[in-house]
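*Asks:* Quick one: sequence and predicted model below, then my questions.
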Amino acid sequence: MKFEEMLEKLEPMITSHMRKLGIYKDHEQFRQAARVAIWKAWERFDPTRGDFEPYASQTIRGALLDELKASYKYDEHFVPTENTEIHEFLHEVKPNRTPLIVETLELFLTQEELAIIIAYYIDGYSHEEIGRAFGMNAAALQKRKSRIITRLRKECRLHM
């Protein structure tokens with residue numbers, strides 16, 4: 001049997017394992033990880049040790065679990081906080097335009113909020129560094145910065 005035929009035969013098994021593991025998003029990412037695992041298993045399989053399907057089943061489950069772990073780890077560390085448009089706009093700023101931006105932001109923000117925005121977008125400090133300076137953890141600072149950005153967007157829409 002060719003690999004392509006075996007892969008087609010094992011597609012329902014991939015679906016079954018995904019359902020059992022409670023995978024409810026990014027289906028194609030997990031399906032692809034399982035397919036790669038099947039291919040690797042196909043390459044190292046020894047037919048003298050039994051059938052391929054039970055071996056493939058364990059390989060699929062292991063690959064899906066590995067992918068789940070990687071996905072959880074990514075989700076823990078990645079917290080989207082703002083639209084990248086403002087980030088890109090502020091990073092394109094020329095040094096001679098920075099005072100104008102700061103003056104404009106002063107109209108809408110408190111001094112502390114302005115300091116957070118300047119420290120992050122203009123000075124390039126990390127969430128952890130800014131959080132330490134303001135006595136809060138990085139997650140709290142990210143949330144606060146996100147709220148500031150949301151409020152700025154609303155204010156900008158009102159004044160355009």
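*Replies:* All right, it came through fine.
*Asks:* In contact with Tyr125, which residues?
*Replies:* Ala119, Ala133 (CB atoms under 8 Å, 6 or more residues apart in numbering). C-beta here means a position set from N, CA and C on the backbone, and glycine is covered the same way.
*Asks:* where does the protein dip in pLDDT?
*Replies:* Applying pLDDT under 70 to the chain flags residues 73-98, 158-160.
*Asks:* And it, split by domain according to the record?
*Replies:* What automatic domain parsing lists as the domains of the chain is 3-77, 84-158.
*Asks:* List phi and psi for Gly124.
*Replies:* When quoted as degrees, to the nearest 10, the phi and psi of Gly124 stand at phi 80, psi 20.
*Asks:* no no, Lys2
*Replies:* Note on Lys2: its backbone torsions stand at phi -80, psi 160 [degrees, to the nearest 10].
*Asks:* okay, now it: neighbour count?
*Replies:* Lys2 has 8 neighbouring residues, counting by other CB atoms under 10 Å.
*Asks:* swap in Asp26?
*Replies:* Asp26 has 13 neighbours, counted by other CB under 10 Å.
*Asks:* For the residue lying closest to it once chain neighbours are set aside, pull up the helix or strand it's in.
*Replies:* Nearest in space to Asp26, with sequence neighbours left out and distances taken as CB to CB, 6 or more residues apart in numbering, is Ser71 at 7.0 Å. Element membership of Ser71 [criterion: DSSP states H and E] is helix 52-77.
*Asks:* quick one: the helices in the protein?
*Replies:* Counting by DSSP state H, one finds helices in the chain at the ranges 3-20, 27-44, 52-77, 84-91, 98-106, 111-117, 127-134, 138-158.
*Asks:* Adding mean neighbour count, write these out as a markdown table.
*Replies:* Formatted as a markdown table, the helices of the chain follow (neighbours: other CB atoms under 10 Å):
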| stretch | mean neighbour count |
| --- | --- |
| helix 3-20 | 14 |
| helix 27-44 | 16 |
| helix 52-77 | 15 |
| helix 84-91 | 12 |
| helix 98-106 | 13 |
| helix 111-117 | 16 |
| helix 127-134 | 16 |
| helix 138-158 | 15 |
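*Asks:* Please spell out which residue in the protein sits farthest from the middle.
*Replies:* In the chain, Thr48 marks the outermost C-alpha relative to the chain mean, sitting 42.9 Å out by CA atoms, centre = their mean.
*Asks:* Fine by me, thanks again.
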